[in-house]
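Chemist: what's the 3D shape of this:
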Amino acid sequence: MFYLRFILLIFSPVIFANNLLGLPSLVIPLDNLQTADKIALGKKIFNDPQFSQTGNISCANCHLKELAFTDGKKTATGISGLIGTRNSPTIVNAAFFEKLFIDGRANSLEDQALQPMLNEIEHGLKNTQEILAIVLKNQHYKQQIQKIFNVAEQDIDSTHIAKAIASFERSLISGNSKFDQYYFAQDRSQLSKSAARGLLVFKRKGNCANCHEISWDNALFTDNRFYNIGVGSKILQAIENKLVAALKKSENYPLNTQETSELGRFNVTRIIKDIGKFKTPTLRNIALTAPYMHDGSLETLEDVIEYYDKGGDKNLFLDPAIFPLHLTDEEKMDLVEFMKSLTSADYLILISK
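Modeler: The predicted structure follows:
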């Protein structure tokens, strides 16, 4: 029994109780514990445009501090002005996400960290050896990795780079908003009457909390699940019947890049019912992260509420949780005010440094 407990202790993640109101404890993998030096190294790599084919695109190009680590664009721009098919999601509080990327293709921050560098549109590097070569040519990077990970120069590999980036991203947490002070600290002065009414709409008639969850002691405003809410339906409607028929016969059906992107979670699982599903995004700092939806098709929070109010756009795989809400004009306005209360003062102070 002692031996079993020892093994479980060795391989269990570390639970870190953060001090930000409204957030759960942070789970940190045992093989990548947080240190100040590692976070600083990850931040430097995150902001370094050398890690791209053209030498002018860094992770920070699509994840700007002042926009809650999004880029304000409909879809991301990569090397040589190439335009992607998806909106850049925030990486704030990504430390708490069970799946990374909006189709959930990565299982951890470490798994996610290098994938943008290897994307032909984003950073354009061909393989991890190209990433590693950039590090090995840089004396500072070599010295820091040797020091932080306690390895010899010949033992440096791409996993050390991924771990450093993941550690930086894991440090980007945001809580203690006006909502948190109102809801968890019971300070009723923190929300306006309109925002307080909006919270009730959010939890009841608006059906928002069904996916953007609020627990009794914390709120990530995501259930870490995947849904087809109808965004991108025009493309899906154009291909769905032929696509489903082909899949049932185990046949290939040719799709262009945009069509493939709209398949969402299906691209990961290859399960037909996952066609058009995307991960529930967090709503923290949502007022800073326009435009919205996986394709950036909705420009404002008001547009988002109107979209849900009408019941989304129909397609063969639309989730049953999406239906007309029949909100009043006041309820719509109150919902917007509530979502504005999710901007975190602590986060805004952090990024100003």
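
Chemist: which residues of the stretch 151-300 of the chain fall in helices?
Modeler: Here the stretch 151-300 of the chain has its helices, by DSSP state H, counting those that start in this stretch, at 158-170, 178-183, 193-203, 233-248, 257-262, 266-269.

Chemist: which one of the ones you listed is the most hemmed in?
Modeler: Of all the helices of the stretch 151-300 of the chain, helix 158-170 carries the top mean neighbour count, a mean of 24, counting by mean count of other CB atoms under 10 Å. The way it works is simple: take the backbone N, C-alpha and C, and place the C-beta from them, glycine included.

Chemist: run through who's touching it.
Modeler: Residues from elsewhere that reach helix 158-170, judged by CB atoms under 8 Å, 6 or more residues apart in numbering: 26, 28, 31-32, 34-35, 38-43, 45-46, 59, 91, 94-95, 108-114, 128-129, 131-132, 135, 145, 148-149, 151.

Chemist: pLDDT of that helix, averaged?
Modeler: Mean pLDDT, helix 158-170: 96.

Chemist: chain center to that helix: distance?
Modeler: 16 Å (CA atoms, centre = their mean, to the nearest Å).

Chemist: likewise stretch 136-143?
Modeler: Worked out by CA atoms, centre = their mean, stretch 136-143 lies 30 Å from the chain centre.

Chemist: in it, what counts as buried?
Modeler: Within stretch 136-143, the residues that count as buried by 16 or more other CB atoms under 10 Å are 138, 141.

Chemist: residues near residue 127, how many?
Modeler: Residues near residue 127, counting by other CB atoms under 10 Å, number 12.

Chemist: over to residue 48?
Modeler: As a burial measure, residue 48 scores 17 neighbours (other CB under 10 Å).

Chemist: and if you look at residue 149?
Modeler: Counted with other CB under 10 Å, residue 149 comes out at 17.

Chemist: so what's it closest to, chain neighbours aside?
Modeler: Leaving out its chain neighbours, the residue that sits closest to residue 149 by CB to CB, 6 or more residues apart in numbering is residue 160, at 5.2 Å.

Chemist: what does residue 101 give?
Modeler: residue 112 (6.5 Å).

Chemist: how about the contacts made by the one you found?
Modeler: Residues near residue 112 by CB under 8 Å, 6+ apart: 94, 100, 101, 106, 166.

Chemist: so can I have TSV of these showing secondary structure?
Modeler: Compiled in TSV, these are given as follows (DSSP: H, G, I helix; E, B strand; the rest coil):
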residue	secondary structure
94	helix
100	strand
101	coil
106	strand
166	helix
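
Chemist: farthest-apart pair in those, please.
Modeler: Using CB to CB, these reach their maximum pairwise distance at 101 and 166, which is 13.8 Å.

Chemist: would you map the strands across this structure?
Modeler: Along the chain, the segments classed as strands by DSSP state E run 14-16, 26-28, 226-227, 278-279.

Chemist: counting contacts, what elements does the second one pack onto?
Modeler: What it means is strand 26-28. If contacts are counted by 3 or more CB pairs under 8 Å, 6 or more residues apart in numbering; DSSP states H and E, strand 26-28 sits against strand 14-16.

Chemist: between the strands of the chain, which gets nearest to residue 303?
Modeler: Per CB to CB, nearest to residue 303 of the strands of the chain: strand 278-279, 17.2 Å.

Chemist: counting contacts, what elements does the closest one pack onto?
Modeler: strand 226-227.

Chemist: the strand it packs on pairs with which strands, and in what direction?
Modeler: The pairing partners recorded for strand 226-227 under DSSP bridges are strand 278-279 (antiparallel).

Chemist: what's the strand it pairs with in contact with?
Modeler: With CB under 8 Å, 6+ apart as the test, strand 278-279 has contacts from 97, 99, 101-104, 222, 224-229, 231, 264-265, 294.

Chemist: what pLDDT, on average, does it get?
Modeler: Per-residue pLDDT over strand 278-279 has a mean of 97.

Chemist: ok now it, how far from the chain's centre?
Modeler: Centre-to-centre, strand 278-279 and its host chain are 10 Å apart (CA atoms, centre = their mean).

Chemist: again with stretch 190-201
Modeler: With CA atoms, centre = their mean, you get 26 Å for stretch 190-201.

Chemist: ok, of the contacts of helix 158-170, which come out buried?
Modeler: Those of the contacts of helix 158-170 that meet the buried threshold are 26, 28, 32, 34, 38-43, 45-46, 59, 91, 94-95, 108-110, 112-114, 128, 131-132, 135, 145, 148-149, by 16+ other CB under 10 Å.

Chemist: so how far is residue 129 from the residue nearest to residue 101?
Modeler: 19 Å (CB to CB, to the nearest Å).

Chemist: of the contacts of residue 112, closest to residue 254?
Modeler: residue 101 (23.9 Å).

Chemist: is it true that the closest one touches residue 111?
Modeler: No. Look at residue 101 against residue 111 with CB atoms under 8 Å: they stay out of range, at 9.6 Å.
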